[in-house]
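what's the 3D shape of this:
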Amino acid sequence: MEAAICELRRAYPRWGARRIVHELGRRGLSPVPGRSTVHRILDRHGLINNQEQNHRRTYRRWQRDAPMQLW
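Next up is the predicted model:
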């Protein structure tokens, strides 16, 4: 089971534990491990990159200082 989880992560590096659990279920593997179990397995094998998780999109505010400044 661990080999299948690591293989999926290496094939699709942007997939997290939730997606890997879903794919294991779709492929008919039984019993399907939980998300926390998959995350621990990925962490144990060094397949978790914490820098990827900390990306937030910045948004531009529509509010302006004066009326009609937006147009």
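
tell me which residue is most central in the protein.
Centroid-nearest residue in the chain, with CA atoms, centre = their mean: G16, separated by 3.4 Å.

who's in contact with it?
Residues in contact with G16 (CB atoms under 8 Å, 6 or more residues apart in numbering) are H39. No exception for glycine: its C-beta is placed from N, CA and C like everyone else's.

and it, how far is that from D65?
Distance check for G16 against D65: by CB to CB, to the nearest Å, it reads 41 Å.

same check on E23?
For E23, the distance to D65 (CB to CB) stands at 49 Å.

cool, and G34?
In terms of CB to CB, G34 sits 50 Å off from D65.

next, V21: secondary structure please.
helix (DSSP: H, G, I helix; E, B strand; the rest coil).

surely it and S36 touch.
No - with contacts defined as CB atoms under 8 Å, V21 does not count as touching S36, sitting 9.9 Å away.

helices along the protein, start to end?
Here the chain has its helices, by DSSP state H, at 2-11, 17-26, 35-44, 50-53.

who are the packing partners of the first one?
Put plainly, it is helix 2-11. helix 17-26, helix 35-44 (3 or more CB pairs under 8 Å, 6 or more residues apart in numbering; DSSP states H and E).

same list, these, but as TSV with distance to L8 and mean neighbour count please.
Supplementary listing: those in TSV, determined by distance: least, CB to CB, whole Å; neighbours: other CB atoms under 10 Å:
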stretch	distance to L8	mean neighbour count
helix 17-26	5	16
helix 35-44	9	16
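
which one of those helices lies nearest to C6?
helix 35-44 (7.2 Å; CB to CB).
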